[in-house]
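# coordinates only, sequence not included:
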């Protein structure tokens with residue numbers, strides 16, 4: 001991974017900090033396991049997810065609601081299925 005990629009990853013990690021442990025862990029898990037090999041399109045969907053308000057994210061990730069955007073909903077469901085770190 002190039003230095004520019006590492007800088008971007010650190011910037012994204014900061015953007016993923018939401019002040020809710022559950023969301024922080026879910027986003028961190030995605031960054032650690034999926035970001036590096038994600039396509040540009042997948043990365044774009046993740047960036048759109050990060051632009052979403054925290055209360056909506058909470059409801060989506062806890063399964064109380066689903067995102068009306070199919071791409072966001074698919075990503076949320078994928079992130080929810082990622083197993084916790086060992």
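Arrived safely, thanks for sending. Only a predicted model underlies this, so the values are computations on that prediction, with no experimental measurement involved. Numbering: from 1, shown residues only.

# ok, now how distant is residue 42 from residue 72?
With distances taken as CB to CB, to the nearest Å, residue 42 is found 12 Å from residue 72. Backbone N, C-alpha and C define where each C-beta goes, glycine included.

# Of these two, give the one with the bigger neighbour count.
Comparing residue 42 with residue 72 by other CB atoms under 10 Å, the one with more neighbours is residue 72, at 19 against 16.

# That one reaches residue 48, doesn't it?
Yes: using CB atoms under 8 Å, residue 72 is in contact with residue 48, at 6.5 Å.

# Please name the nearest non-neighbouring residue to the residue nearest the centre of the chain.
The residue lying closest to the centre of the chain (CA atoms, centre = their mean) is residue 27, at 4.1 Å. Using CB to CB, 6 or more residues apart in numbering and skipping the chain neighbours, the partner closest in space to residue 27 is residue 16 (3.6 Å).

# Please name the residues that touch that neighbour.
23, 24, 27, 28, 31, 50 (CB atoms under 8 Å, 6 or more residues apart in numbering).
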